[in-house]
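Colleague: From the sequence below, what's the structure:
(one chain, ligands or ions: 1)
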Amino acid sequence: MPVSTVTVRVPAKVNVQLSVGGRRPDGFHDLATVFLAVGLYDHVTATPADGLRITAAGRDVGRVPLDATNLAARAAVALAKRYGVEPDVHLHIDKDIPVAGGMAGGSADAAGALVACDALWGLGAPREELLALCAELGSDVPFSLVGGAALGTGRGEILTPLEVGGEFHWVFAVAEGGLSTPDVYRECDRLRLAGGGSDLAADLPAPGADAALVAALREGSAAALAAALSNDLQAASVALRPALADTLGAGLAAGALAALVSGSGPTCAFLAPSAAAAAELAGAFPGGAYPALSPAAGATIV
Ligand code: ATP
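Modeller: Reported below is the predicted structural model:
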């Protein structure tokens with residue numbers, strides 16, 4: 001049954017493991033990444049309209065494109081095309097996820113738009129269909145739909161759900177200005193070549209899940225997770241934005257169990273031992289830092 005307005009809440013993510021293989025002939029990199037959804041959310045609201053219209057409000061809104069390049073718009077168009085309907089919808093995005101922060105904000109909005117338009121247009125798309133559309137829209141989009149925790153392989157879009165045995169407390173320190181994900185991958189390749197190695201998939205071992213990290217999630221152990229966190233893109237992000245090294249150091253000095261760049265950055269993620277420690281840690285970043293709990297549910301109609 002078509003409805004008159006649908007709001008979908010979608011979470012940000014942090015990659016608690018991001019292992020980057022070599023560059024493939026198609027230009028992508030093989031990944032083994034462990035996604036963890038965190039309780040920092042965008043909300044996508046769909047209402048009927050003549051044609052497709054995008055509006056946005058909230059944090060960083062000036063950096064969100066409001067045209068057909070918006071990932072939420074692309075998701076609506078892809079769904080409409082798949083079902084042979086007109087993409088008539090007004091999508092309003094309330095942004096709380098930092099833009100170009102390595103937290104999959106655009107991907108979250110794409111997943112949110114798919115779920116919202118599916119309900120608004122009364123399509124009843126099966127979950128597998130929505131997941132296939134997500135994978136076409138971007139490597140991080142399927143995880144935004146499912147949430148929780150998952151191992152991502154391929155470009156990150158092939159998901160295996162992972163068990164999480166407890167809550168983890170995070171603080172995310174937002175940096176001024178974003179980092180382009182393709183630029184960070186290019187820098188990662190450049191650093192590999194500069195170090196005398198190869199950047200090609202054919203020459204490098206295929207990345208795999210870190211068993212210690214998967215066990216830490218399953219046990220809900222923050223100390224074990226802190227010891228296992230890894231991000232192969234971190235050196236590249238820090239090379240492009242040297243101030244990130246100071247941010248990571250400041251979080252550790254303020255009591256974080258561990259610090260890492262979130263995805264391709266520049267947002268930095270800090271794991272805290274408790275909610276109280278996370279609140280205190282957030283106070284150490286006058287430029288803006290946000291406590292968030294994980295795991296969080298995927299795209300949910302609210
Ligand atoms: P990821 O972690 O998946 O690599 P990210 O969090 O670093 O992504 P996004 O916030 O998704 O980056 O934004 C990357 C770029 O995508 C932005 O600079 C913006 O121009 C564009 N973009 C398109 N649609 C959106 C959207 N709905 N929200 C934010 N940015 C969008």
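
Colleague: Pull up the residues of the chain that are close to the ligand.
Modeller: 63-65, 69-72, 93, 99-107, 109, 140, 178, 181, 263-264 (Cβ under 6 Å from any ligand atom). Bear in mind the C-beta positions are built from the backbone N, C-alpha and C, glycine included.

Colleague: Could you list which of those residues belong to helices?
Modeller: Leu71, Ala72, Gly105, Gly106, Ser107, Asp109, Thr181 (DSSP state H).

Colleague: Show the contacting residues for the fifth one.
Modeller: Neighbour list for Ser107: Leu71, Leu137, Gly138, Asp140, Val141, Phe143, Ser144 [criterion: Cβ atoms under 8 Å, 6 or more residues apart in numbering].

Colleague: For the third one, which non-adjacent residue is spatially closest?
Modeller: With Cβ to Cβ, 6 or more residues apart in numbering as the measure, Ser107 is the residue that lies nearest to Gly138, at 5.3 Å, once sequence neighbours are left out.

Colleague: With the last one instead?
Modeller: Once its chain neighbours are removed from consideration, Ser144 has its nearest residue in Ala111; the separation is 3.7 Å (Cβ to Cβ, 6+ apart).

Colleague: Can you dump the C-alpha atoms of the helix or strand containing that neighbour in PDB for me?
Modeller: Element membership of Ala111 [criterion: DSSP states H and E] is helix 105-120. C-alpha atoms of helix 105-120 as PDB (Å, rounded to 0.1, in the frame of the first residue of the first chain):
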ATOM      1  CA  GLY A 105      27.300   9.200   4.900                       C
ATOM      2  CA  GLY A 106      26.400   9.300   1.200                       C
ATOM      3  CA  SER A 107      26.000   5.500   1.200                       C
ATOM      4  CA  ALA A 108      23.700   5.700   4.200                       C
ATOM      5  CA  ASP A 109      21.500   8.200   2.300                       C
ATOM      6  CA  ALA A 110      21.400   5.900  -0.700                       C
ATOM      7  CA  ALA A 111      20.300   3.000   1.400                       C
ATOM      8  CA  GLY A 112      17.800   5.200   3.200                       C
ATOM      9  CA  ALA A 113      16.400   6.500   0.000                       C
ATOM     10  CA  LEU A 114      15.900   3.000  -1.400                       C
ATOM     11  CA  VAL A 115      14.000   1.800   1.700                       C
ATOM     12  CA  ALA A 116      12.000   5.100   1.800                       C
ATOM     13  CA  CYS A 117      11.000   5.100  -1.900                       C
ATOM     14  CA  ASP A 118      10.200   1.400  -1.900                       C
ATOM     15  CA  ALA A 119       7.700   2.000   0.900                       C
ATOM     16  CA  LEU A 120       6.400   5.300  -0.600                       C
END
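
Colleague: and the angle from whichever helix or strand comes after it to helix 105-120?
Modeller: The helix or strand immediately downstream of helix 105-120 is helix 127-137, counting by DSSP H and E. Here the directions of helix 127-137 and helix 105-120 differ by 140 degrees (axes from the mean of the first three to the mean of the last three Cα atoms, to 10 degrees).

Colleague: Off-centre distance for helix 127-137?
Modeller: Taking Cα atoms, centre = their mean, to the nearest Å, the mean C-alpha location of helix 127-137 is offset from the chain mean by 16 Å.

Colleague: how near is the closest residue to the ligand within the stretch 1-150 of the chain to Glu128?
Modeller: Residue nearest to the ligand within the stretch 1-150 of the chain: Gly106 (2.6 Å; Cβ to the nearest ligand atom). Separation of Gly106 from Glu128 (Cβ to Cβ, to the nearest Å): 23 Å.
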